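Undergrad: Output the structure for:
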Amino acid sequence: MRRPILTAALLLAAAVPAPALAQGEPTMPLDQVRQGMLCQASSVVRGTTISTFDIEVLDVVSGDRAAESPRILFRASGPAIDATGIGPGFSGSPIRCPDAAGTMRIIGAISEGIGEYGGKVALATPIEQILGEPVDPPAAATRNAPLLRRARSLDGPLTISGVPAPLAARLRAAAARAKRPIVVTEALAPRSVFDFPVQPLVPGAAVAVGYATGAVTVGAVGTVAYVDGDRVWAFGHPLDGVGRRNLLLQDAYVYTVINNPVASGDLSTYKLAAPGHAVGTLTNDANSAVVGRVGALPTRFPLRVVATDRDTGKVRTQETVVADESALGLPTGGSPLALTAVAALGNAAFATLSGAPARQSGSLCLRVEVRELPKPMRFCNTYVGGGPGPNAAMLADVTSAVSLLDSFEFGTLTITKVEANLKLSRAYPQAFIRRATAPASVRRGGTLRVRLSLQRSRGAALTRTIAVKVPRGMPTGTRRLTLTGTDPDAGASLGDELTGVLDLSDSGEDTEEQTPKTVAQLATAFGAFGRYDGITTSFQPLTQESSPEDDLAALLGEGGGSSLPSGPEGVAQRPRETFRDPALRIGGSATVRVRVLP
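TA: Numbering: from 1, shown residues only. Model (predicted):
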């Protein structure tokens, strides 16, 4: 069982002592790199120990103006990689070659694959390019623009851990649609992320760029290419290529290298790895490397999930820290909060119910504190679901709400804390209206007592008597009283929601008219994610049919609501929240013929 993690403890643990700093190693400019040079590369293939393997420089490859910058073509060999080759996770592995005096100098870092079977032949980015300096290829460099255009960065898969199996399957499917390689597991971390000591970020060490850490971790793992003092260069290619960043710089733990010599699908051979301790801040997502500094941690906020098992009374608390890039204007267009919150809530729900029962119910209150408002933004919803359960609808609400926050562009929005209060049960409290009966007449302004005959899902029949207030301003005469309940939550949109959040850049599709223009308006829109899930009533003329969808749209002020007539007839037809049983969701609909008297 995962132990609760306290916010203070997590933040203190994140601020671990900084590892020892390495000084800049000697480098070799690209114009001194020659075909046939015998060199060594460094990378972690198991745990945190740096291994070395042999490199033979095959050529220096340049392109034309349409191609990328020059690259070093090499062949790798040695016990560390003979069985697997190299792939994502190896990016950033430094290559050291001897100069004329025998001094080992870094010439570049592994960065791209070319689709070669076995993954032994690949490309490296010259060290000058990694460090952001001009590159001068040797005169003997081979022009091979097609090869450079065909090359693919060895981007480490986005690692998401702390995710239950049912949600992991949906995330993988969504990742395939989003064309983003990911590794999703229920508990991909050392027994505790702090079970291995803080690792110095030296060339060849495993390094992670973290979006979130704690009960849930979200990040990408690669290799340190170069270090100078407290500055660290890694990956040999961009993460998202968006410039300034404010993400977690972490050490990492490598479990093993997964072999896939034919590079089928989106993943070739890759390192199965997990981000570890936060040791600094990633500050730059450049064209040929990611760059950070060891020491101070980035701006971040806690995500706290409190999950209660209504059947047993047990309470589970989980804490995750999320990197905050709002001060930079969300460089990718969206924040990692939606993806992290989905993983954290899914993890908490799965752990609370010890699985994912098909029939379950629950409630969620999501609370977001921002510096710009004296009170938190919040909404609460209840969920009753069959099939995939209510979690799909719940998680879709969370992603939509966070997308609303990400889309806000009319001022500063600084999140200081997010808290989700989740209550779940294995019960399925859903009933459906079979029929309704009521007195034949009622006066305007009076109260009509309606008796509902209900059928509990896979259970007994029951009744409820509800009071319906008759509007004073409605017309008299015979009307059709329409009663509309709330059906189970299907949550069919979760797949689309996950596809959006996986690219960490979906900030919603609100039009300019729909987008809140003040923080106060944003809080109101955020609160509107809370839904009424009881019975609504309206008085329709006998000659006009009204569907439950029309009633709901009118209640929410959408679609059908704009088509309501004005005057007394509009008063009669407007749906009103009438009855909600806190212990039972009532779905379906019914009508009753009633004469309204003066």
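
Undergrad: And the helices in the stretch 101-250 of the chain, which stretches?
TA: Along the stretch 101-250 of the chain, counting by DSSP state H, counting those that start in this stretch, helices occupy 127-130, 145-150, 165-178.

Undergrad: Comparing the ones you listed, which comes out most buried?
TA: Each of these was assessed for mean neighbour count using mean count of other Cβ atoms under 10 Å. The highest is helix 127-130, with a mean of 26. Using the backbone N, CA and C atoms, a C-beta is placed for each residue, glycine as well.

Undergrad: can you redo the helices of the stretch 101-250 of the chain as CSV with mean pLDDT?
TA: Shown next, in CSV, are the helices of the stretch 101-250 of the chain (pLDDT from 0 to 100):
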stretch, mean pLDDT
helix 127-130, 93
helix 145-150, 63
helix 165-178, 76
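
Undergrad: So which of those is nearest residue 440?
TA: Checking the helices of the stretch 101-250 of the chain against residue 440 by Cβ to Cβ gives helix 165-178 as the closest, at 51.2 Å.

Undergrad: For the closest one, C-alpha coordinates in CSV please.
TA: Only the C-alpha atoms of helix 165-178 are listed here, as CSV (Å, rounded to 0.1, in the frame of the first residue of the first chain):
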residue,chain,number,x,y,z
ALA,A,165,-3.5,-0.4,-15.1
PRO,A,166,-7.0,0.6,-16.5
LEU,A,167,-6.0,4.2,-16.8
ALA,A,168,-2.5,3.3,-18.2
ALA,A,169,-4.2,1.4,-21.0
ARG,A,170,-6.2,4.5,-21.9
LEU,A,171,-3.2,6.7,-21.7
ARG,A,172,-1.2,4.4,-24.1
ALA,A,173,-4.1,4.4,-26.6
ALA,A,174,-4.4,8.2,-26.4
ALA,A,175,-0.6,8.5,-26.8
ALA,A,176,-0.8,6.5,-30.0
ARG,A,177,-3.4,8.9,-31.3
ALA,A,178,-1.3,11.9,-30.2
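
Undergrad: where exactly do the helices run in this protein?
TA: Assigned helices in the chain, in chain order: 7-14, 127-130, 145-150, 165-178, 337-353, 391-406, 494-502, 519-527, 548-556, 567-573 (criterion: DSSP state H).

Undergrad: Pick out the shakiest of those helices, pLDDT-wise.
TA: Per-stretch mean pLDDT for the helices of the chain is lowest at helix 7-14 (a mean of 41).

Undergrad: ok, back up a step: pipe the helices of the stretch 101-250 of the chain into TSV and attach distance to residue 418 per row.
TA: Shown next, in TSV, are those (distance: least, Cβ to Cβ, whole Å):
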stretch	distance to residue 418
helix 127-130	36
helix 145-150	43
helix 165-178	19
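
Undergrad: give the contact list for residue 208.
TA: Under the criterion of Cβ atoms under 8 Å, 6 or more residues apart in numbering, the neighbours of residue 208 are 159, 219-222, 248-252, 273-276.

Undergrad: For stretch 516-526, buried residues please.
TA: 516, 519, 522, 523, 525, 526 (16 or more other Cβ atoms under 10 Å).

Undergrad: any idea which of those is the one closest to residue 332?
TA: Taking Cβ to Cβ as the measure, residue 522 is the one of these closest to residue 332, at 20.3 Å.

Undergrad: Spit out the contact partners of the closest residue to the closest one other than its chain neighbours.
TA: Residue nearest to residue 522 in three dimensions, not counting chain neighbours: residue 516, with 4.1 Å by Cβ to Cβ, 6 or more residues apart in numbering. Remark: with contacts taken as Cβ under 8 Å, 6+ apart, residue 516 is in contact with 404, 408, 410, 522, 524, 525.

Undergrad: Alright, calling it a day.
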